[in-house]
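What would the 3D arrangement of this be:
(4 chains)
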4 protein chains.
Amino acid sequence: MTDQTQQFASDNYSGICPEAWAAMAEANQGHDRAYGDDQWTARAADHFRKLFETDCEVFFAFNGTAANSLALAALCQSYHSVICSETAHVETDECGAPEFFSNGSKLLVASSESGKMTPQSIREVALKRQDIHYPKPRVVTLTQATEVGTVYTPEEIRAISDTCHELGLNLHMDGARFSNACAFLGCSPAELTWKAGVDVLCFGGTKNGMAVGEAILFFNKDLAEDFDYRCKQAGQLASKMRYLSAPWVGILQNDAWLHYAQHANSCARLLAELVSDVPGVSLMFPVQANGVFLQMSEPALETLRNKGWRFYTFIGAGGARFMCSWDTDKERVRQLAADIRSAMGTAV
Amino acid sequence: MTDQTQQFASDNYSGICPEAWAAMAEANQGHDRAYGDDQWTARAADHFRKLFETDCEVFFAFNGTAANSLALAALCQSYHSVICSETAHVETDECGAPEFFSNGSKLLVASSESGKMTPQSIREVALKRQDIHYPKPRVVTLTQATEVGTVYTPEEIRAISDTCHELGLNLHMDGARFSNACAFLGCSPAELTWKAGVDVLCFGGTKNGMAVGEAILFFNKDLAEDFDYRCKQAGQLASKMRYLSAPWVGILQNDAWLHYAQHANSCARLLAELVSDVPGVSLMFPVQANGVFLQMSEPALETLRNKGWRFYTFIGAGGARFMCSWDTDKERVRQLAADIRSAMGTAV
Amino acid sequence: MTDQTQQFASDNYSGICPEAWAAMAEANQGHDRAYGDDQWTARAADHFRKLFETDCEVFFAFNGTAANSLALAALCQSYHSVICSETAHVETDECGAPEFFSNGSKLLVASSESGKMTPQSIREVALKRQDIHYPKPRVVTLTQATEVGTVYTPEEIRAISDTCHELGLNLHMDGARFSNACAFLGCSPAELTWKAGVDVLCFGGTKNGMAVGEAILFFNKDLAEDFDYRCKQAGQLASKMRYLSAPWVGILQNDAWLHYAQHANSCARLLAELVSDVPGVSLMFPVQANGVFLQMSEPALETLRNKGWRFYTFIGAGGARFMCSWDTDKERVRQLAADIRSAMGTAV
Amino acid sequence: MTDQTQQFASDNYSGICPEAWAAMAEANQGHDRAYGDDQWTARAADHFRKLFETDCEVFFAFNGTAANSLALAALCQSYHSVICSETAHVETDECGAPEFFSNGSKLLVASSESGKMTPQSIREVALKRQDIHYPKPRVVTLTQATEVGTVYTPEEIRAISDTCHELGLNLHMDGARFSNACAFLGCSPAELTWKAGVDVLCFGGTKNGMAVGEAILFFNKDLAEDFDYRCKQAGQLASKMRYLSAPWVGILQNDAWLHYAQHANSCARLLAELVSDVPGVSLMFPVQANGVFLQMSEPALETLRNKGWRFYTFIGAGGARFMCSWDTDKERVRQLAADIRSAMGTAV
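Numbering: from 1, shown residues only, chains lettered A, B, ... in the order given. Okay, the predicted model is just below:
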């Protein structure tokens, strides 16, 4: 039976997946050491190192806002700047968190195509100003998968990291939907990160079946110096850390993270396919992860809303974002597709 | 049967209590709105307003570091100062978090007796410097129960708040163990807070059976202006907020919060009683909450450690802190007491 | 005889005017109280109150970077945002100082015409986002005269302040060249500020004949609460304050500030007139203050540079900024105009 | 004739010395490049490098608050801590500036003898806490001469820097009265700084005959990376920099800095000698720089105040600080001494 609360507004409307829940339940036996000195946290860190095939430094933060902002703050000083795309979540939806955690680092917006920056667009921003009256570029942050549901290939990341290293920039990856990118590309996590020149990854768990607890992985370990103090001071060190780390053990140990991402992606593709022949509906971006961005008529969107569907429309007039998640029911996708078809048929 | 992992190092070694867990499980059905627009968060806020018998503003943060630091930052500017006792957690154990969140507010240490500041000790600090070269005092923060296991009475709080209002200071309460104070005094939460002049309370859940999610209650609602933005920017707005708020519903709706605090307190009293006649052991502070601070011989402490007991010794030479929690097993308390007696008998 | 070092790169290439110098010399007699408790500082503040015909609060900062950033920080919190034009100095040339002093307030860029924002362009930015994931607009900052040498009329300022008050925004004026605006409009300082709804003005002295020492005037005195502490903490309280304030007495007491601004403006107009009929040269913006922005050919600019002229070209290809100052020699203006004519004649 | 305004409250009550004034006057000829690209700034930096016999990095800030706070911020991150003596100006008189510029670094107070920390007192603070819940010590800051008028010998500094390097701490020197220390010890500036292991010196000019403009010298050049951006962002880059740097040329080129410091020191010694046999008056600290700290009776202090003398009494009951400066008149010192003798004779 279909869960009628299932919506497409955001992948963070979903709950905790069974594997994460089971690990939390197991972790909830008796007492354990606090502040990350517990066995679950050690196990989760080991899982990450194994998964990424490298001895990276692993930290946990409560949410993506903090994980990304703390990582960026570790990569630059307040008088430096961070280059991001104009759709980057750190620019558009964090209420100035990167500026707050870094005590003033400015975000510089690079142009992008389908949500993706290019070596050239980064270079233009990085070299635009070289004088002391403007914050010195020091970091590039990519979102993988992007906020518009597209994915950087390993080659694209490598080209960007080459540019970064040439220009003296650190490379950060906001991986709120990193799982979905891995699932789409069929690449290993290592291929999409350190092997392609990424210095730090924020690996999102919340949008893929966890309650809280994003992981921060430093492949460039020099950049991780005293990062544990940074997390503590910034209110991101959980006393009962095991409840952040055990769920990671749960979803990493049997590749649930990947299977769920594959499922969410396939739901998105299904939606795209089902509406591909609906007159007046067009895809705004390639569907490479778990989001579908449709251009439709405003009346049709209103019709959908009236039928109870929830989705975001921040992309501009007539644009609608439909997000799928680890637990999206394909039957709901079909219902949505049918309603879109119906709305466009009657409402255009 | 006794849980051998049960320790007395910290009350945050304990896990999630059944009521909190059950509420999380119930909240984990299907999708729900994110960022606190869900029903669980609304219900939790209502529970707080009912419990405190007032229409306060309610927010949630991931942990106590952030809850207290954000609240203090809301009560002063960077060039102001915060008066606290020399044992205050914000001074001794937050790695500079209050200074970070406030962008530089200095903590000024007032003398205390048994962990408690007095109107006089606050006044001395507040009036010590009145010139522009020193940060202007703007906030007083009390810890209730204190870090040494003592409790402020409503009359003591009222005397302090009178001093605060006379001197133009806001009054904040760090209630990491507020439940234990209520349990000891038999007072209503309202009597210990706004009725006694407290402006803002950080009500701790983690040490009383929750995984994450401290509540911040503004009784002075003017001080809460745009506090939701402050939380968001500082990385303290959970996307899946229901997992922070539902546990509060779980422990508030049938007074589990109070029963567990009563239990923890009674375990602490039991320990104190059981060792009260042990030669060479003395209480460092009155046992009014869930902590027992014993003065013992160093060799005896070493003996206890060798037997596998865990406890903190930050109070000075020969001092040991034993914390009880919501799930402390009284049999373990008796084992500990017996081992203390034995250690002192042989080791002194 | 003409001073060959005289350039048109910036009005801050000029030195200290005689009136300011004389006041400094007079202030340099014997000892005086420090940190602004001296008579010169009191006199300067009184001069400002008289000039502005109101009992405003007056502070001094070392430079414009700090004056503007401190004032903006006083008008908002870190999770708020500041609306400015895309050419605003705070956005383009302060290396993130506003973000630093405010601990993260984001600058939101409004579109402008000839460097001036409009009620409509402000409204669009202010109302674009109303959700918690984006910094809440709280301040509008105007530059008077603007960075492209144009001037807001009292009516334009009033229309903007009406919009501000409707939307709950404070209104700040960056008056690095406020004198030049007064000189152009023939308005009183009061008409251009508090009578038109401005809350805070940063009145620049450096570009008008002083060495250091911008004045910050709060017409809305509530916003000035503890601003003296803010200045002190931020490293902007001069111990020997008299050397910042005495020059103000010097240039305010006999209207030297206005005469010098009139002179600089007239030099700019002269330059514009002298090149108005040069083929291929066009004005990029109306000349209303002390700057002239010319569109010329790139080879001509190169020719000018080779002749030793200094000017800025940040306005885009072929654009050049020529700034006049309090001591600009009209003979040098004529030399420059002649060289422009010559360069265009030969180099186009 | 004696200047009756001459006081002993602070050495920053004095004005600008002739050499500094003459250099400013010379710098005030015509136009010059802004933001430190002028010849005076280059010359001043060269003078410092020659004086210190090393190729150090030289920067200028408007005042000591900013110079010290920026330097400390460059030596640590927000979650680090700074060890200073309990009388350190950064701790007692900067209104939280170090915490503000560093975004939250905590100052840890080490015990001192006659205002001077020792390797042992530093070690105790540095090793007191090694856990993540307390800011990690990263910098030691010495004041030379100290706030109580004493001086660290090269050997004492070396012993401290050895401790610093052993413990991974950077060493900063607050040299607001560095000149006075050099004058007392007869050491070269190099011997008192980098040759003894100091990483960064803030060399004060204001208290020794300048209006504004402290110099910041990085002997450890790695620590100076992008420090120019830091200064700019923090509102400490003067546009008309020549007025900060030219005075340095003026006082450095003919050793005026040293002669004035010798004079101020000799005035202090004179005062101490003149009252050495006054019954009831005792020196609180050795007189090694330009300050004299006398223990007297409260009524005598009141008598002095009534006679118009100004001095500070922040040292505790009956303690009074008398500061001499570059222009102190020895006749005034004798008048003061006579009045002290008289006040003690009649008032005790």
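
Within the helices and strands, which one has A:Cys202?
Using DSSP states H and E, the element containing A:Cys202 is strand A:200-203.

Mind giving me the packing neighbours of whichever helix or strand A:Ala300 is part of?
Using DSSP H and E, A:Ala300 maps to helix A:298-306. The helices and strands touching helix A:298-306, judged by 3 or more Cβ pairs under 8 Å, 6 or more residues apart in numbering or on different chains; DSSP states H and E, are helix A:330-347. Just so you know, the C-beta spots here come from the backbone N, C-alpha and C atoms, and that holds for glycine as well.

and the angle for the helix it packs on with helix A:298-306?
Orientation check (axes from the mean of the first three to the mean of the last three Cα atoms, to 10 degrees): helix A:330-347 against helix A:298-306 gives 140 degrees.

Now tell me what touches helix A:330-347 from outside.
Contacts to helix A:330-347, defined as Cβ atoms under 8 Å, 6 or more residues apart in numbering or on different chains, come from residues A:2-3, A:6, A:8, A:267, A:270-271, A:274-275, A:278-281, A:294, A:296-297, A:299-304, A:307, A:309, A:322, A:324.

Number of residues surrounding A:Gly209?
27 (other Cβ atoms under 10 Å in any protein chain shown).

Which residue comes closest to the residue of the stretch 101-250 of chain A found nearest chain B once chain neighbours are left out?
Shortest the stretch 101-250 of chain A-to-chain B distance, computed as Cβ to the nearest Cβ: residue-wise this is A:Gly235, at 3.0 Å. Closest residue to A:Gly235 apart from its sequence neighbours, by Cβ to Cβ, 6 or more residues apart in numbering or on different chains: B:Ala66 at 3.0 Å.

Am I right that that neighbour is in a helix?
Yes: secondary structure assignment places B:Ala66 in a helix (DSSP: H, G, I helix; E, B strand; the rest coil).

For it, report the pLDDT, please.
B:Ala66 is assigned 98 on the pLDDT scale.

How about the contacts made by it?
A:235-236, B:97, B:101, B:214, B:234-236.

hey, where'd the helices end up in chain A?
For chain A, the helices defined by DSSP state H occupy A:18-27, A:39-51, A:64-75, A:89-92, A:97-101, A:119-128, A:154-167, A:178-185, A:227-233, A:242-252, A:256-274, A:298-306, A:330-347.

Which of these sits closest to A:Cys202?
helix A:64-75 (4.2 Å; Cβ to Cβ).

mind checking how far the closest one is from the chain centre?
Distance, stretch centre to chain centre, for helix A:64-75: 13 Å (Cα atoms, centre = their mean, to the nearest Å).

cool, stretch A:311-330 as well?
For stretch A:311-330, the distance to the chain centre is 15 Å (Cα atoms, centre = their mean).

again with stretch A:137-151
Using Cα atoms, centre = their mean, the offset of stretch A:137-151 from its chain centre is 9 Å.

mind saving the C-alpha coords of it as CSV?
Listed next in CSV are the C-alpha coordinates belonging to stretch A:137-151 (Å, rounded to 0.1, in the frame of the first residue of the first chain):
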residue,chain,number,x,y,z
PRO,A,137,40.3,33.1,-3.8
ARG,A,138,41.4,30.1,-1.8
VAL,A,139,38.8,27.3,-2.2
VAL,A,140,36.6,25.9,-4.9
THR,A,141,33.5,24.0,-3.7
LEU,A,142,31.6,21.7,-6.0
THR,A,143,28.3,20.1,-5.3
GLN,A,144,28.1,16.4,-6.3
ALA,A,145,25.4,15.7,-7.4
THR,A,146,24.6,19.3,-8.1
GLU,A,147,21.5,21.1,-6.9
VAL,A,148,19.9,20.7,-10.3
GLY,A,149,20.4,16.9,-10.3
THR,A,150,23.4,16.7,-12.6
VAL,A,151,26.7,14.9,-11.9
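
Kindly provide the whole-number mean pLDDT of the helix holding A:Ala300.
Helix A:298-306 shows a mean pLDDT of 95.

ok, and for it, which residues are buried?
Residues A:300-301, A:303-304 are the ones in helix A:298-306 that count as buried (16 or more other Cβ atoms under 10 Å in any protein chain shown).

Pipe these into CSV and attach distance to A:Met117 per row.
Below are those laid out as CSV (distance: Cβ to Cβ, whole Å):
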residue, distance to A:Met117
A:Ala300, 32
A:Leu301, 29
A:Thr303, 36
A:Leu304, 32
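
Next, count neighbours for A:Tyr13.
23.

and if you look at A:Ala196?
Using other Cβ under 10 Å, A:Ala196 has 22 other residues around it.

roughly how far apart are the residue nearest to A:Gly235 and A:Gly205?
19 Å (Cβ to Cβ, to the nearest Å).

Kindly report the same for A:Val333.
23 Å.

what about the two, which has more around it?
Just comparing A:Val333 and A:Gly205: by other Cβ under 10 Å the higher neighbour count belongs to A:Gly205, 28 against 24.
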